[in-house]
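Asks: Take this sequence and fold it.
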Amino acid sequence: MTVLALSAAMAQVAVPRDPVAAIPAQEGASPHQAPLPAPAPAIPAGPAAAPLPPQDWSALPVLRFRRPVTPTTESTAFVAGQVGSGQCSGAARTRDGWQLTIDLALFATADGRIRRVTPRAIDCPTVEQYAAGLLLGAARDNIDLRGAAGDIWYRTTMTFGWKA
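Replies: Presented below is the predicted three-dimensional model:
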């Protein structure tokens, strides 16, 4: 349950009876012209955003992990639930049950900082974003960047399999 709390200052805001009379006139404006909006506040410049991945992922180096990463029972159950509820239609029938595979690209700096994870669209946004979050968590302090000369995109695949 979400609770919305108002401060005492917000609760005492006065509302004018005539909303048109409350709009201050701007110099040179007709009385029927709406006031100009206030300029947007300046956003301080931060670090540059990570670039988008290239269109062709086949040339990207494969992401190597220091420790093996496998989907958990809970993550597979989530994906199976999305498929079972009709939210996703990309799962393939196998002789052992069902399988859903998603390709992901990860942008990392040479010192191992992860700047962006991008899932390839499989027409299932919930699983795409879920897989991106799983990869982000699995990659923290676990990616092998030996030989990386700079900031670079990598590719990997995540496969979820479950019994029918």
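
Asks: What's the first helix or strand after the helix or strand containing residue 116?
Replies: Using DSSP states H and E, residue 116 maps to strand 114-119. For strand 114-119, the following helix or strand on the C-terminal side (DSSP H and E) is helix 125-139.

Asks: What residues sit buried inside stretch 147-164?
Replies: 148, 153-156, 158, 160-162 (16 or more other C-beta atoms under 10 Å). Any C-beta I mention is one placed from the backbone N, CA and C, and that applies to glycine too.

Asks: next one: stretch 89-109
Replies: For stretch 89-109, the neighbour count (16+ other C-beta under 10 Å) marks 91, 98, 100, 102-108 as buried.

Asks: Now the residue nearest the centre of the chain: closest residue in space that isn't a chain neighbour?
Replies: With distances taken as C-alpha atoms, centre = their mean, the residue of the chain nearest its centroid is residue 129 (6.0 Å). Leaving aside its chain neighbours, residue 129 sits nearest to residue 119 (7.0 Å; criterion: C-beta to C-beta, 6 or more residues apart in numbering).
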